[in-house]
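Asker: Everything below, folded, please.
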Amino acid sequence: MKKLLSVLIFSIIFFIIIFNYSRNVDTNVSYDRFNLVAPGIVRTPEERFNNIPDYVFDANYINIGDLRIHYLDEGPSDGEIIFLLHGQPTWSFLFRKMIPTLTQAGYRVIAPDMVGFGKSDKYISIDDYSHQMHVDTMTYLIRELDLKNITAHVHDWGGLVGLRVIAEEPDRFSRVIASNTGLIAPGRGFVATLSSYFAWPIFKLSIWLQGPATWEEFIGGDGFGNWIRYSRYTDNLDIGGLMQILGSVSDQERLGYEAPYPNATYKAGAQIFPYLIPSELRKNEKAYRDVFEKWDKPFLIANSDNDPVTGNNPSITEGLKRIPTAKEIVIYGPGHFLQEEAGPEYSQLIIDFINGNPKSFTIDKKSISKEAIL
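Answerer: Presented below is the predicted three-dimensional model:
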């Protein structure tokens, strides 16, 4: 009886193994339909980018390991380089209203999509994203393209990443313009240095204790913490809705910002970005001490007066004033995404900055009803 039972159990196990093998051995199965290009990495189908408004630029790519990174390269190949780095949750689509003005003036514009954004590949897991990863990939791109004499425009998270990239390769950059962004660091002194070791764990604990924030809490509140809690814990980040709130984009433009993300699987990079803000305070401080406190080239802080990010957190901009050459102007009218509300005017500001005469300007602020977002 025991022998018969053993044979029966063995037979069941054997048939289970054969069944699973036969099911998985089918060489006709194509994982392309899942848009997986490597374990844990997805690529947005190209058709998602068809017919989006005003984005008529040729795609360029470089490969970094298993990742394919997209960038725009517009204008004359021998033109002076302007490097445009987006933030969160945007991509190079953000600069579509600026690029024509810059290229018509004879400049070569490089505008990459960071990992997880735009046409670049995207990690599925939020655990694969880090501040340092973004710094490394953007530094690699600049080195690979051998860009020099660069005017850098950094904005939003493009500042936190881009300023660290500049600190990695300062000799490649001739000047910097930073809008509605900063490089958050503890500063000098024993207490500041000590706090830098505890700020990130305390921040994570605080967000965990507060828990998720709803979309309604985010758009109805005035605290940056609500935005971090919403983006970190939401199941499906409302990228289009965010751009309508902070960028006053139209319904058609909203589709352009949503194009890279067929579903929530593609949004891990955008979702985790705000949560990473205080993750590398000591590295940021090192960038200030090693590079930016010794910076002797032009540096312009150009914030918009209706930006809720720097407006509610003035210390972000104050940190940039550690840079000896930093000068500040205010742009009147636009909100956080001034590239949307004042693209041509802002492009002209960059050109004037290159020519040594940057000037403030004023435009009428666009508005969008809350009912259109909800």
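Asker: how about the strands of the protein, start to end?
Answerer: When assigned using DSSP state E, the strands of the chain occupy the ranges 36-38, 41-42, 60-64, 67-74, 81-85, 108-112, 122-123, 150-155, 173-179, 299-304, 326-331.
Asker: looking at these, which is closest to G343?
Answerer: strand 81-85 (11.1 Å; C-beta to C-beta). All C-beta spots, glycine's among them, are computed from the backbone N, C-alpha and C.
Asker: got the angle for the closest one vs strand 150-155?
Answerer: 20 degrees (axes from the mean of the first three to the mean of the last three C-alpha atoms, to 10 degrees).
Asker: Check which helices and strands strand 81-85 sits against.
Answerer: Helices and strands touching strand 81-85, by 3 or more C-beta pairs under 8 Å, 6 or more residues apart in numbering; DSSP states H and E, are strand 108-112, strand 150-155, helix 157-168.
Asker: want to throw these into JSON lines with distance to I354, mean pLDDT and mean neighbour count?
Answerer: Shown next, in JSON lines, are the helices and strands packed on strand 81-85 (distance: least, C-beta to C-beta, whole Å; pLDDT from 0 to 100; neighbours: other C-beta atoms under 10 Å):
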{"stretch": "strand 108-112", "distance to I354": "12", "mean pLDDT": "98", "mean neighbour count": "24"}
{"stretch": "strand 150-155", "distance to I354": "6", "mean pLDDT": "97", "mean neighbour count": "25"}
{"stretch": "helix 157-168", "distance to I354": "16", "mean pLDDT": "95", "mean neighbour count": "25"}
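Asker: now these as a markdown table including distance to G343?
Answerer: Output for those, formatted as a markdown table (distance: least, C-beta to C-beta, whole Å):
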| stretch | distance to G343 |
| --- | --- |
| strand 108-112 | 13 |
| strand 150-155 | 12 |
| helix 157-168 | 16 |
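Asker: Which pLDDT does the model give the residue most central in space within the chain?
Answerer: Residue closest to the average C-alpha location in the chain (C-alpha atoms, centre = their mean): G87, at 3.5 Å. As predicted, G87 sits at a pLDDT of 92.
Asker: Count residues in the vicinity of the closest residue to it other than its chain neighbours, would you?
Answerer: Nearest residue to G87 in three dimensions, chain neighbours excluded: D156, at 2.4 Å (C-beta to C-beta, 6 or more residues apart in numbering). For D156, the neighbour count with other C-beta atoms under 10 Å is 28.
Asker: OK, contacts around D156?
Answerer: 86-88, 90, 180-181, 309, 336 (C-beta atoms under 8 Å, 6 or more residues apart in numbering).
Asker: burial of N357, as a residue count?
Answerer: 8.
Asker: and the closest residue to Q271 other than its chain neighbours, what is it in contact with?
Answerer: Nearest residue to Q271, sequence neighbours excluded (C-beta to C-beta, 6+ apart): L237, at 5.0 Å. The contact partners of L237, by C-beta under 8 Å, 6+ apart, come to 89, 231, 264, 267, 270-271.
Asker: go on, D364?
Answerer: G333.
Asker: do you know how far the residue nearest to the centre of the chain is from E47?
Answerer: According to C-beta to C-beta, to the nearest Å, G87 stands 26 Å off from E47.
Asker: ok, how many other residues are close to E217?
Answerer: For E217, using other C-beta under 10 Å, the count is 14.
Asker: Not counting its neighbours along the chain, what's nearest it?
Answerer: In space, E217 is closest to N226, 5.4 Å off (C-beta to C-beta, 6+ apart).
Asker: What of G225?
Answerer: Per C-beta to C-beta, 6+ apart, closest to G225 is Q210, 6.9 Å.
Asker: picking that back up, mind checking pLDDT for the residue nearest to G87?
Answerer: 90.
Asker: For E74, grab the count of nearby residues.
Answerer: The number of residues near E74, taken as other C-beta under 10 Å, comes to 19.
Asker: about what we covered before: looking at the helices and strands packed on strand 81-85, which is closest to A342?
Answerer: strand 150-155 (12.4 Å).
Asker: Contacts for the closest one next, please.
Answerer: 80-87, 94, 142, 161-163, 166, 172-181, 339, 350, 353-354.
Asker: likewise stretch 39-55?
Answerer: 34-37, 66-68, 93, 96-97, 119, 121-125, 128, 252-253, 255-256, 259-262, 265-266.
Asker: Repeat the analysis, applying 7 Å as the threshold.
Answerer: Applying C-beta atoms under 7 Å, 6 or more residues apart in numbering, the external contacts of stretch 39-55 come out as 35-37, 66-68, 93, 96, 119, 121-125, 128, 252-253, 255-256, 259-260, 262, 265-266.
Asker: do stretch 160-173 as well
Answerer: Residues contacting stretch 160-173 (C-beta under 7 Å, 6+ apart): 85, 114, 131, 134-135, 138-139, 142, 147-148, 150, 152, 154, 176, 181, 183, 277, 283-284, 287, 290-292.
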